[in-house]
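**Student:** Next come a sequence and a model predicted from it.
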Amino acid sequence: MSKPRVLISDKMDPNAARIFEENGCDVDVITGETPEQLIARIGDYDGLAIRSSTKVTKEVLDAATNLKVIGRAGIGVDNVDIPYASSKGVVVMNTPFGNSITTAEHAIAMMMALARQIPEANAQTQQGLWPKNGFMGVEVTGKTLGLIGAGNIGSIVASRAQGLKMKVIAFDPFLSAERAVEMGVEKVELDQLLARADFITLHTPLTAETKNILSAENLAKTKKGVRIVNCARGGLIDEAALREMLDNGHVAGAALDVFAVEPAKENVLFGAPNFICTPHLGASTTEAQVNVALQVAEQLSDYLVNGGVTNALNMPSLSAEEAPKLKPYMALAEKLGSLVGQLAHGNLKRIGIEVEGHAATLNIKPITGAVLAGLMRRYSDTVNMVNAPFIAKERGMEVREIRNEREGAYSTLIRIKVDTDAGERTVAGTLFGKSQPRLVDIFGIGIEADLDGNMLYIVNEDAPGFIGRIGSLLGEAGINIGTFHLGRRETGGEAVLLLSVDQEIPQEVLKAACDCPGVKTVKALSF
Ligand SMILES: NC(=O)C1=CN([C@@H]2O[C@H](COP(=O)(O)OP(=O)(O)OC[C@H]3O[C@@H](n4cnc5c(N)ncnc54)[C@H](O)[C@@H]3O)[C@@H](O)[C@H]2O)C=CC1
Ligand SMILES: O=C(O)CCC(=O)C(=O)O
C-alpha cells in the first residue's frame, strides 16, 4: 500500500516533517503559494498541515479530491471552511493548547509595552534623540484588567496579571461563577467591564457575537485613558472607530497583534498615536511552534496511518462498528445543539439531553458530545465532540442524559432542554428516512425543518399578511429563499417562521424584519 501524502503549506517547525516521515507518511513542505497554486497541487494529498496563512476555502476543498484530514498547528480555525470540509468528509483538527502560554505572554508583553511606550521610546533613543521627558508611562500595579474571553488563554493572562498585582475582571458568557472564583477574577457584564477597566485584553474567537465586540458604541463606553490589547483575532475591534478614539485621546493606547485583514500591509490604525502592533506573532515562540508542530504531525499521521482521531473539530472518537449507526444521530445532535446555542440567551446552567426510541438503544456519549460541541462551537474554536463534555463541566454546566427506549410520536427522537438565566428552552429533532436530521419542535411549537446553511428565525404574532411581508422584504434585498417552515402555538398565538436563504442576511434586513408589526424576535442562524 502506498504511503499517505501530506502537504505542509505554511511555515512550520521542521520537527513536523520529521515526525510525518518517521510515522510512515510522505511529506512535502511547500509554503507561500498563491491560492491558485494550492488548488492545482492539493489533489495529490491525503493530509494538509497548516498555520494561519493557508486559507482552506470551498475552492481548495473542491480541488482536494484525495484529502482526508486538515491539521491546524495552532488554535484558531477561521481560515478553514469547516462546514464544507465536513460535507466533504474531511476531518479538521487543531492543537488546542500548544501555543496558549506563548500567546498569553504576548498579550502581557503588549500591555507592558503600551504602559511604558517602549517601541516609540526605543525608536527615538536609537535615532539619537534621548527623549527622556517625552515618555511618561503608567504602572500596572493596582490597575484593573478587563478580560473579554476567559478560556485557555484568557485564564493564563489573568494569572500572569495577578502576579503583576492587577485586579482582573472578566466578561465571558461561558464563565461559571465557580470557575471565576477559582481563577480569582470578578465576573462582570460587558458594560461594567468597559466602564471599569484601565486595560482591556481580548481572548475570544471571532464569531457572529464577538465580531466588533469593541464597536464604536462600546468603545465610547470605555473609561477615558483605557489601553486596549488584542492578541486574539482581527475583527473583534472596529479599527476605524479605534483610530478615532486614539486620535481624540479617549483611548490612551492600543496594541494589536491581529487585524481584520491580514497580512495588514496597510491599515487605518497605522501611524495613530500610542498605537503599537506586531504581525500576528502571538504564537511565535520556539516553544509554542515546536509544541504545535509535533502535535499536528502526530495527530495527522495517526489519523492517516491508524485511523486514530484526536482534537477533531468535526468528528468524535468512535469504534469502527458504532460509527455508521451513530453518525446520522450525531449530525442531528450537533445541529440541535447549535440551534440552542444560537437561540438561548444568558448563562447556560443546565442542559438535559433526552433520547427516545431507537436513539436510546445506542451509545449515548457521542450524542451528548455532539450536542455540547454544537452548543459551544460558537463560543470556542477549541471545543470538539470529545472535549465538549469536559469543557461543559469545567464551566459549571450541569449535563443530564435521559434515555427512554419506548417510542413516542416519533420512532426516534433527541430532545434538548436548556436552563439559562432567561428561562427553560426545548428543541427536538428526529431522523427522516433513518439519516436525514430534521427539527420537529422548537420551544414547544411543532415545526418540520432541515437545519442547514444560512437561516432566518422569526417569532411573531400569528396574523394574516405577515408571511407576504417577510417574503417581499427578502425579495427586495435580493435574497433567495430556499425552504420555508411555519409553526404556531395556537391560531392567532405565537408563531415561528424558519426559512433557509442562499446567503448571509445583512444587518439592515434583519433590522427591517424586526420592525415589522407583530414581530417579537428575529435572528440569523447558520449551520
Ligand atoms: N495571536 C495569535 O497568534 C493567537 C490567537 N489565538 C486566538 O485566541 C483565541 C482564544 O484562544 P483560547 O483561549 O485558547 O480559546 P478558548 O476557546 O479556550 O477561549 C475562548 C473564550 O472566549 C469566550 N467567548 C466566546 N464568545 C464570547 C463572547 N461573545 N464574549 C465574551 N467571551 C466569549 C468563550 O466562552 C471562551 O471562554 C482563539 O480563538 C484564537 O482566535 C490563539 C492562539 C494564538
Ligand atoms: O500560527 C500562528 O502563527 C497563529 C496562531 C493563531 O492565531 C492560533 O493558533 O489561533
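**Tutor:** Arrived safely, thanks for sending. Ligands and ions are numbered 1, 2, ... in the order given.
**Student:** From residue 20, how far out is residue 92?
**Tutor:** Distance, residue 92 to residue 20, using C-beta to C-beta, to the nearest Å: 18 Å. For the C-beta atoms, the positions are set from N, CA and C on the backbone; glycine is no exception.
**Student:** Give me the pLDDT value at the nearest residue to residue 289 once chain neighbours are set aside.
**Tutor:** Leaving aside its chain neighbours, residue 289 sits nearest to residue 13 (4.6 Å; criterion: C-beta to C-beta, 6 or more residues apart in numbering). On pLDDT, residue 13 comes in at 96.
**Student:** just checking, residue 261 touches residue 234?
**Tutor:** Yes. Between residue 261 and residue 234 a contact is recorded at 7.0 Å, counting by C-beta atoms under 8 Å.
**Student:** Tell me which of the two has more neighbours.
**Tutor:** residue 234 (19 against 11; other C-beta atoms under 10 Å).
**Student:** host element of that one?
**Tutor:** Counting by DSSP states H and E, there is no helix or strand that carries residue 234.
**Student:** residues contacting it?
**Tutor:** Counting by C-beta atoms under 8 Å, 6 or more residues apart in numbering, residue 234 touches 206, 256, 258, 259, 260, 261, 262, 264.
**Student:** so what are the domain limits for the protein?
**Tutor:** Using automatic domain parsing, the domains assigned to the chain come out as 5-97+287-306, 100-277, 322-436, 444-527.
**Student:** ok, is the first one in contact with ligand 2 or not?
**Tutor:** Think domain 5-97+287-306. Yes. Contact of domain 5-97+287-306 with ligand 2 (C-beta under 6 Å from any ligand atom) involves 51, 52, 74, 75, 76.
**Student:** picking that back up, which one of residue 92 and residue 20 has more residues nearby?
**Tutor:** Set side by side, residue 92 and residue 20 show more neighbours around residue 20, with 28 against 22, by other C-beta under 10 Å.
**Student:** Can you give me the distance of the more buried one to ligand 1?
**Tutor:** 23 Å (C-beta to the nearest ligand atom, to the nearest Å).
**Student:** Over to residue 111?
**Tutor:** Distance, residue 111 to ligand 1, using C-beta to the nearest ligand atom: 14 Å.
**Student:** Report whether whichever strand or helix holds that residue contacts ligand 2.
**Tutor:** Counting by DSSP H and E, the element that carries residue 111 is helix 100-116. No. Using C-beta under 6 Å from any ligand atom, helix 100-116 stays clear of ligand 2, with a minimum separation of 7.2 Å.
**Student:** For the remainder of this discussion, apply numbering that starts at 172.
**Tutor:** Shifting the count to begin at 172 puts that one at helix 271-287.
**Student:** Who are the packing partners of that helix?
**Tutor:** In terms of contacts (3 or more C-beta pairs under 8 Å, 6 or more residues apart in numbering; DSSP states H and E), helix 271-287 is packed against helix 323-334, strand 370-373, strand 397-401, strand 422-427, strand 446-448, helix 457-477.
**Student:** one more time with 10 Å, if that's ok
**Tutor:** Where contact means 3 or more C-beta pairs under 10 Å, 6 or more residues apart in numbering; DSSP states H and E, helix 271-287 is packed against helix 289-297, strand 315-319, helix 323-334, strand 370-373, strand 397-401, strand 422-427, strand 446-448, helix 457-477.
**Student:** and it, which residues are buried?
**Tutor:** Residues of helix 271-287 classed as buried under the neighbour-count rule (16 or more other C-beta atoms under 10 Å) are 271-282, 284-287.
**Student:** quick one: stretch 535-552 near ligand 2?
**Tutor:** No. No part of stretch 535-552 sits close enough to ligand 2 to count as contact by C-beta under 6 Å from any ligand atom; the gap is at least 6.9 Å.
**Student:** Just the helices from the stretch 572-698 of the chain, written as ranges.
**Tutor:** 637-647, 678-685 (DSSP state H, counting those that start in this stretch).
**Student:** The ones you listed: which one's closest to ligand 1?
**Tutor:** helix 678-685 (16.7 Å; C-beta to the nearest ligand atom).
**Student:** Grab the nearest non-local neighbour of residue 455.
**Tutor:** Closest to residue 455 by C-beta to C-beta, 6+ apart is residue 273, at 7.5 Å.
**Student:** got it, and residue 434?
**Tutor:** Nearest to residue 434 is residue 450, by C-beta to C-beta, 6+ apart, at 6.9 Å.
**Student:** Look at the one you found and say how many residues are nearby.
**Tutor:** When neighbours are defined as other C-beta under 10 Å, residue 450 has 12 of them.
**Student:** So for the residue of the stretch 572-698 of the chain found nearest ligand 1, what's the pLDDT?
**Tutor:** Of all residues in the stretch 572-698 of the chain, residue 591 sits closest to ligand 1, at 14.2 Å by C-beta to the nearest ligand atom. The score at residue 591 is 77. That number is its pLDDT.
**Student:** check contacts around it.
**Tutor:** Contacts for residue 591 (C-beta atoms under 10 Å, 6 or more residues apart in numbering) come out as 344, 511, 515, 516, 517, 518, 519, 520, 521, 522.
**Student:** Neighbour-wise, give me the winner out of those.
**Tutor:** Among the contacts of residue 591, the one with the most neighbours (other C-beta under 10 Å) is residue 519, at 26 neighbours.
**Student:** This completes my enquiry, with thanks.
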